[in-house]
Structures are given as C-alpha cells and as structure tokens.
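>>> how would this look folded up:
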Amino acid sequence: QTPEWVNDWLGRRRKTGQQPAQSAASAEGKSIDEASRPEQNAPVEDAAAAERRETAQRRRAEDTRSAVSAALDELDQWIADQLRLGLAGFVDACSERCRRSAARLVDLKATALAGRIDELPARLMALRSEERPDAAIRELGKLVLLAKA
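A predicted model of the protein is given here:
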C-alpha cells in the first residue's frame, strides 16, 4: 500500500500536467483571414516616429556605405603594400598578414572580401611552393577586380 503523501503528490502532479492541455483546448482560435487583418485597436505610429525611423534607417545605410568604401580603399592599399614588399615575403607570411587584413575588413563591414582574404593562405598552401607566387598574383588580381567592381 502506498503512503498517503505519495497519493497526494501524484494527484497534484496529474492536475498540473492536465492544465496546459485544457487551457489550449479552451483557447479561442482565429482563422487565418482574421489573423492576417490588422487589429482595430492596434497602436498607430505617428508621423514623427515614422520620420525618425526612416531617418535613422537612411543614416545607417549611409554609414554602411561609407564603411565599405573605406574598406575597399584599405584593401587597395593593403594589396599595394604586399606587392611593394615582395611576393616571396607575402607567400612566407601570408597567413598572419591575411588574418590581420581580414579582421580589419570585417570591422569595416566588408565581410565577403574578408572571407576571401582569410581563405587565401589555405589556397596558396595547397599548392607546391614554386606555384605559390603565381597563384598569389592571380588571387591578389582577383581581389583588385572585386574591389574595383
């Protein structure tokens, strides 16, 4: 025979387990048509708030454009620096240089270009050592074309 407190505990547990099912069954459902219509008493956004929201959106878009433009300028300068320093040095230290440049481009919101630069060392290291300088020139050339586009 089970103790009284066990029966009491099981009874309370069964009650709480059944409550969500009962409340879901008793909830009033809306049809899709009713749910897609705007509510009658929904708060209407005033014109000043809408204007502030649009102004903020335009400002964010302009900030993003200027950041990406700065990233493209920085990418051009970085490629010129790599060529000036020499391809042999670039191929030897490409992992560190590319990682640093990719991090800077991410900060400037040019994540797609940053991803390409971050993958560059893996592409170069997959080749034989005598093929790496030519491949580096091709990859840097592709980056220049992407930046100009």
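
>>> can you give me the strands in the chain?
Remark: strands of the chain are absent; assignment by DSSP state E.

>>> any low-confidence regions in it?
Applying pLDDT under 70 to the chain flags the ranges 15-32, 35-45.

>>> Name the single longest helix found in it.
If you go by DSSP state H, the chain has its longest helix at helix 47-85.

>>> need the contact list for the residue lying farthest from the centre of the chain.
In the chain, Gln1 marks the outermost C-alpha relative to the chain mean, sitting 61.0 Å out by CA atoms, centre = their mean. By CB atoms under 8 Å, 6 or more residues apart in numbering, the contact list for Gln1 is empty. (C-beta placed from N, C-alpha, C; glycine too.)

>>> try 10 Å
Going by CB atoms under 10 Å, 6 or more residues apart in numbering, Gln1 touches Asn7.

>>> What of Ile79?
By CB under 10 Å, 6+ apart, the residues touching Ile79 are Phe90, Ser101, Ile117, Glu139, Leu140, Gly141, Leu143, Val144, Ala147.

>>> Most neighbours among the residues you listed, please name it.
Neighbour counts for the contacts of Ile79, by other CB atoms under 10 Å, peak at Ile117, which reaches 26 neighbours.

>>> Val144 versus that residue, what's the distance?
For Ile117, the distance to Val144 (CB to CB, to the nearest Å) stands at 12 Å.

>>> what about Leu75, how many residues close to it?
With neighbours defined by other CB under 10 Å, the count for Leu75 comes to 23.
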